[in-house]
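J.: Quick one: sequence and predicted model below, then my questions.
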Amino acid sequence: MKYHIATFGCQMNEYDSGLLSSLLEGVGCQATSNTEEADLLFFNTCSIREKAEETAIARVSQYQCFKRKNPKLKIFIVGCMAKNKGKDLFKKLPYVDYIIGPDHYKEIPEIILKHKHRHLFIDFDETENYQGYYAKLQTPYSTSVSIQRGCNKRCSYCIVPYVRGKEKYRDAIDVLAEIQRAADQGVSEIMLLGQTVNAYHNENISFATLLDKISQINGIERIRFTSPHPRHYNDELLDVLISNPKICNHAHLPLQSGSDAILKKMRRQYNVEQFLSIVERLRKNNPLYAITTDIISGFVGETDDDFEQTLNVVREAEFDNAFMFIYSPRAGTESFQEKETLSEKEKWGRHERLVVIQNEIISKRNKLMFNRDEKILVERPSTKDPEEWVGKTDNFKKVIFKPNQIVHPGDYVVCHINDIRGWTLRGEIVGE
Ligand code: SAH
Ligand code: SF4
Ligand code: F3S
């Protein structure tokens, strides 16, 4: 049987799609990128904002007609929206066969092999950690590994705890085994995943210790992680981040808002001063340390003044990049109870102002890379011009270069950065 997985949402879902691929291939299914020849179509969905659910539903709807062509075709909705909407999805999309939440992927092979009829499996399983199950590699040279599932924070706007359940940390031994296996297959870059990834602790192993242990695995050259929570940076962690050369000089550090009043309403558990002190410590020894962020514009109750404070923090922190969102009220969350104070137009207006300011900062930060020799992990030929290749620096900047030698995905080369236009860094290879 051939399967195809369409993944929406965050990197946790990308990882879970890899887990699902491993489970399916374990019972003899084969991946196909061609949806027309698939017997099993999976939609691994996201609920973070209203738009994410609308996009997934629109996509699934396109495949209703495929069932007429292939009566054996089975359609699965899995992931966060499966949990969030549950059996309502059967009503809305009656041609969908199975709705499976994030704690029930291990049941999928049995559903397929036993040709089970329409099925809904969405309750939380507080013990399910997929112990001993490893995801298919995302690329032969770089892959992500989930170390935490769920989230205990309950930020007032966020649906994640309601669709992913309570936080669960994987056994360090299991995490290290998955990374060792990836390294044995040629992977040199690992991205650790968790909603509050730096809060990781399991038995006596802290996140800092785990990072250290991973860096000792032969073949692992670069370690990344996302998303750390500002509340969980401590001295032990900052020391290892700064002193261990295999941990990349990039942190994705979600700010959400630059107003203490709004941060409090969001239940973020830090204030602006604490946030900026982490930024300062990370960049103290290395001004090129990249910090990226997430920001929500137009949260309930956000005043003009609160938003101005966000803009000020953005100017001060000089983020290397930012994912910027409009607040989307999510049923079931705490802030959903509160009446919105801003119109869509006002929320978009704030967002657009933020984007303009942040874009200027991106150019400014990128200019610091000019004339430097940077080690690049080679990824792939560029989609625009196949003679050019794309790679990433340690601090997560994309570099385009025309190779003067044969290169392969996964190689490391040193590029001299000799041209910067807005967001695009260009360079030439000057060494290995
Ligand atoms: N665990 C991460 C966030 C994961 S969700 C953290 O705590 O930072 C990714 C991002 O989506 C969040 O950082 C937030 O900026 C955004 N987001 C979450 N809920 C949202 C909502 N209801 N409306 C708009 N953006 C939201
Ligand atoms: Fe959502 Fe907050 Fe958990 Fe992040 S830490 S996933 S924003 S509840
Ligand atoms: Fe979306 Fe679920 Fe991730 S709601 S952001 S896919 S954890």
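T.: Perfect, thanks for sending it. This structure is a prediction, so every number in the text was calculated from the model and none was measured. Ligands and ions are numbered 1, 2, ... in the order given.

J.: for the protein, what's the longest helix?
T.: Criterion DSSP state H: the longest helix present in the chain is helix 344-367.

J.: by contact count, what packs against that helix?
T.: Applying 3 or more Cβ pairs under 8 Å, 6 or more residues apart in numbering; DSSP states H and E, one finds that helix 344-367 contacts strand 290-297, helix 304-317, strand 321-326. The way it works is simple: take the backbone N, C-alpha and C, and place the C-beta from them, glycine included.

J.: what's the spacing between that helix and its chain's center?
T.: Put simply, helix 344-367 sits 21 Å off its chain's centre (Cα atoms, centre = their mean, to the nearest Å).

J.: the inter-axis angle of that helix versus strand 321-326?
T.: 180 degrees (axes from the mean of the first three to the mean of the last three Cα atoms, to 10 degrees).

J.: Beyond helix 344-367, next helix or strand please.
T.: strand 373-381 (DSSP states H and E).

J.: how far off strand 290-297 does the very next helix or strand once past that next one point, in degrees?
T.: Counting by DSSP H and E, the element after strand 373-381 in chain order, helix or strand, is strand 389-393. Inter-element angle recorded for strand 389-393 and strand 290-297: 90 degrees (by the same axes, to 10 degrees).

J.: Tell me which helix or strand comes right after strand 389-393.
T.: Beyond strand 389-393 on the C-terminal side, the first helix or strand identified by DSSP H and E is strand 398-401.

J.: Using PDB, write down the CA coordinates of that next one.
T.: This file holds the C-alpha atoms of strand 398-401, laid out as PDB (Å, rounded to 0.1, in the frame of the first residue of the first chain):
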ATOM      1  CA  LYS A 398      20.600  31.000   4.600                       C
ATOM      2  CA  VAL A 399      23.600  31.400   2.300                       C
ATOM      3  CA  ILE A 400      23.400  31.000  -1.500                       C
ATOM      4  CA  PHE A 401      26.600  30.100  -3.300                       C
END
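
J.: quick one: strands adjacent to that strand?
T.: Using DSSP bridges, the strands paired with strand 398-401 are strand 389-393 (antiparallel), strand 424-431 (parallel).

J.: tell me the contacts of Ala58?
T.: Residues near Ala58 by Cβ atoms under 8 Å, 6 or more residues apart in numbering: none.

J.: that older thread, of the helices and strands packed on helix 344-367, flag the one that's most buried.
T.: Ranked by mean neighbour count, the helices and strands packed on helix 344-367 are led by strand 290-297 with a mean of 22 (mean count of other Cβ atoms under 10 Å).

J.: related to what we said a few turns ago, out of the strands paired with strand 398-401, flag the one nearest Lys87.
T.: Checking those against Lys87 by Cβ to Cβ gives strand 389-393 as the closest, at 42.5 Å.

J.: on that earlier part again, so which residues make contact with the longest helix of the chain?
T.: Residues contacting helix 344-367 (Cβ under 8 Å, 6+ apart): 290, 295, 297-298, 302, 307, 310-311, 314-315, 318-322, 324-327, 342, 397, 420, 422-423, 425.

J.: Next one: Arg224 relative to Ile214, how far apart?
T.: To Ile214, Arg224 is 11 Å away according to Cβ to Cβ, to the nearest Å.
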